[in-house]
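Undergrad: Sequence and predicted structure, then a few things I'm wondering about:
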Amino acid sequence: MEASLLPPEMQNQQQQQQPQQQQLWQQETQQICIQLHRQQEQQAQQRRQQHPQQQHSHSQNSPLQRPLHPPQQQQLQPAQRKRQQQQKQQLQTMLAQPQQLVQQQEALVSGRLQCPAVSHTQQQEAQQQQALCSLLQCSKTALQVLVAKEPRLLSTPVQQLQAMIQQLVLALRAPTSKITAVVRKQPSLLFVAPKSIPGKLQAAANVLRSPVAQCRRLALHLPQPLLLGEPQQLHHQYMAAATALRLSEAQTGSVILARPQLLVSSANALTAKLSHLQQQLHLTQQQAAHLVVNAPAVLQYSTGSVKEKIRSLQQLLGGIGTAHIRHLVLDEPRLLTRCPTDLQNKLDSLVQLLGVERNRVVSLLLARPALLTRSSAQVGRSFKALSVWKFEPAYKVEMIQEHPLLLRLSPLEVHGRCRWLRSLMMSDAWFHSTLRALPPKLLGVMLMHLPTSWQRLQYLTESGRTMESASIRIMDACQLKDDCFARKFPDYDKYKSWNAGQQQVCGPPWRAQAATEQQQQQQQQQKKQQG
């Protein structure tokens, strides 16, 4: 056993016991030799008794010094010859490997077995692998794949790799968990010089015609072309994608930022998918560009999947023709990225929510297909919040059929607009009677235009100019532009300036009130958590 593997006390004990061990080995060897000599003497005496005429001087010699003559070897029994050969082999093995016996006895004395150098190396590799699995948050099987991609992982100290990850966190301004996930996809990123990353990001921003901040987020999805490749190669891939999709460079940049994987897709595959899309919907080149820019995810589907989505959408909306589908998709390109089952569920929810025939809901969707892109739960809450006063179900449904975009507003926005109109009605009797007399179609117009008309309506109320004294109709006050309204009421601009100074907020008051309420709720939650 190597001295480096034993403590000092054991080393001293080993040095003291080495002479005793060598003496013990010599005694054991001598006993074996004497036993073998006696056995051979007995065998020779037996042969002399059986054949007295063959007695001569050889009987006085040791069998270990002179071998038996061939006639004597033939007279030995097979079992005796085999036993004699085994004893000789045992003696030769002990004489040839005395150091091995000494080492075995040292191991018995010290109580420890010597580990070969190979086992020590394997133990170090196992410790390195365990540390890497903990650092990269992966299994041993996944680590083997990473090492196959980047063998330098095993030869680099874990502390150095951990420092590299922290440098990437600072350079890419991302949390450690995201950086670790990127490293698992591309382990060579650990060996990129941190000082070169800002330059690579700036070069990518120039190629993609995008801000550096967006390229920094894009690098988390595509580290290979942006951080490991050369800017010339990135520019080549970018121009190949622009040519395949027949888009301008600015449009290509927006598409790639939305779907980074398109940058590394084959140009031939992109061209084939675009041609198939044009063929299925009978699109012009300009229409195809509009569709791709607004729904770039459609390029990540196979041609068969796109064809099935178009067919399912036609069946969902009552078997409409290609012209209607083309108009529908160009109005809302994201429909081609939705699951057919999900669209079916949303249609069923709308039928149940409005309580009308299915064909009427289909007509509503053909006019406003964007309703199919919202979740059914959000649509239901927006519908419930639509109440300036307690609307009758038929009144509300008629308003939605005339203005379906009201269901695209968030529930909070719908509630804020309705509450503000209700407060306006409570502050002026004429407003109260006029709004209650409006049909659903006109009240829906007021709700839709309220973000731009609320100041004009509030001016008429607070200035004391009711609609009867002012020569203007309520719908004109909602739909007129500010400059036209100011020409009719010259002091309106002064009122706007004074009101802006009083409120000290920008935008509609119900949004500011909603933001204040949300902030108060967050503060209350924090107090509960602290308490």
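TA: That came in fine, so what should we check first? Remember, it's a predicted structure, so these values are computed and weren't measured experimentally. Numbers count the residues shown, from 1 in each chain.
Undergrad: Against Arg368, how distant is the closest residue to Leu450 other than its chain neighbours?
TA: Spatially, and ignoring its direct neighbours in sequence, Leu450 is nearest to Arg417 (5.1 Å; Cβ to Cβ, 6 or more residues apart in numbering). Using the backbone N, CA and C atoms, a C-beta is placed for each residue, glycine as well. Distance, Arg417 to Arg368, using Cβ to Cβ, to the nearest Å: 18 Å.
Undergrad: more crowded one of the two?
TA: Set Arg417 next to Arg368 and count neighbours by other Cβ atoms under 10 Å: Arg417 wins out with 24 against 17.
Undergrad: can you tell me the helix or strand for that one?
TA: Assigned by DSSP states H and E, Arg417 falls within helix 411-427.
Undergrad: elements contacting that helix?
TA: Judged by 3 or more Cβ pairs under 8 Å, 6 or more residues apart in numbering; DSSP states H and E, the packing partners of helix 411-427 are helix 376-385, helix 429-437, helix 440-462, helix 509-530.
Undergrad: quick one: the second one to helix 440-462, angle?
TA: Which is helix 429-437. In terms of direction (axes from the mean of the first three to the mean of the last three Cα atoms, to 10 degrees), helix 429-437 departs from helix 440-462 by 170 degrees.
Undergrad: what is the orientation angle of helix 429-437 with helix 411-427?
TA: Between helix 429-437 and helix 411-427, the angle comes out at 130 degrees (the same axes, to 10 degrees).
Undergrad: Offset the numbering so it begins at 14, please.
TA: Noted, 14 is the first residue going forward, which turns the last one into helix 442-450.
Undergrad: what's the average pLDDT for helix 442-450?
TA: When pLDDT is averaged over helix 442-450, the result is 85.
Undergrad: Kindly export that helix (C-alpha atoms) in PDB.
TA: Output of helix 442-450 as PDB, limited to C-alpha atoms (Å, rounded to 0.1, in the frame of the first residue of the first chain):
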ATOM      1  CA  ALA A 442     -81.400  63.900 -14.600                       C
ATOM      2  CA  TRP A 443     -81.400  64.700 -18.300                       C
ATOM      3  CA  PHE A 444     -78.600  62.200 -18.900                       C
ATOM      4  CA  HIS A 445     -80.500  59.700 -16.900                       C
ATOM      5  CA  SER A 446     -83.700  59.900 -18.900                       C
ATOM      6  CA  THR A 447     -81.900  60.100 -22.200                       C
ATOM      7  CA  LEU A 448     -79.700  57.100 -21.700                       C
ATOM      8  CA  ARG A 449     -82.500  55.000 -20.400                       C
ATOM      9  CA  ALA A 450     -84.400  55.800 -23.600                       C
END
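Undergrad: tell me how far that helix is from the chain's mean position?
TA: Relative to its chain's centre, helix 442-450 lies at 55 Å (Cα atoms, centre = their mean, to the nearest Å).
Undergrad: List the buried residues of it.
TA: Buried residues in helix 442-450, counted by 16 or more other Cβ atoms under 10 Å: 444, 447-448.
Undergrad: try the third one
TA: Applying a neighbour-count criterion of 16+ other Cβ under 10 Å, the buried positions in helix 453-475 are 453, 455-463, 466-474.
Undergrad: which strands and helices sit next to that helix?
TA: Using 3+ Cβ pairs under 8 Å, 6+ apart: helix 453-475 touches helix 406-415, helix 424-440, helix 442-450, helix 487-492, helix 495-501, helix 505-516.
Undergrad: Let's see that with 7 Å instead.
TA: Using 3 or more Cβ pairs under 7 Å, 6 or more residues apart in numbering; DSSP states H and E, the elements in contact with helix 453-475 are helix 406-415, helix 424-440, helix 487-492, helix 505-516.
Undergrad: Among those helices, single out whichever gets nearest to Arg259.
TA: For those, proximity to Arg259 was assessed by Cβ to Cβ; helix 424-440 is nearest, at 38.2 Å.
Undergrad: Report the inter-axis angle for the closest one versus helix 522-543.
TA: Between helix 424-440 and helix 522-543, the angle comes out at 120 degrees (the same axes, to 10 degrees).
Undergrad: got a list of contacts for helix 424-440?
TA: With contact meaning Cβ atoms under 7 Å, 6 or more residues apart in numbering, helix 424-440 is reached by 391, 394-395, 398-402, 419, 444-445, 448, 460, 463, 467, 470, 474, 522-524, 527.
Undergrad: next one: stretch 189-199
TA: Stretch 189-199 is contacted by residues 149-151, 159, 178, 181-182, 185, 202-203, 233, 236-237, 241 when judged by Cβ under 7 Å, 6+ apart.
Undergrad: Just give the closest residue to Arg222, not the sequence neighbours.
TA: Gly266 (4.7 Å).
Undergrad: and that neighbour, how far is that from Ala144?
TA: Remark: distance between Gly266 and Ala144 (Cβ to Cβ) = 41 Å.
Undergrad: Looking at these two, which has the bigger crowd around it?
TA: Gly266 (20 against 15).
Undergrad: Mind listing residues that contact the helix or strand hosting that one?
TA: Per DSSP H and E: Gly266 is located in helix 262-271. Residues outside helix 262-271 that contact it (Cβ under 7 Å, 6+ apart) are 221-223, 227, 231, 251, 254-255, 258, 260, 275-276, 302, 305-306, 309.
Undergrad: and what of stretch 382-393?
TA: Outside stretch 382-393, the residues touching it (Cβ under 7 Å, 6+ apart) are 341, 344-345, 347-348, 351, 356, 358-359, 362-363, 366, 378, 417, 420-421, 424.
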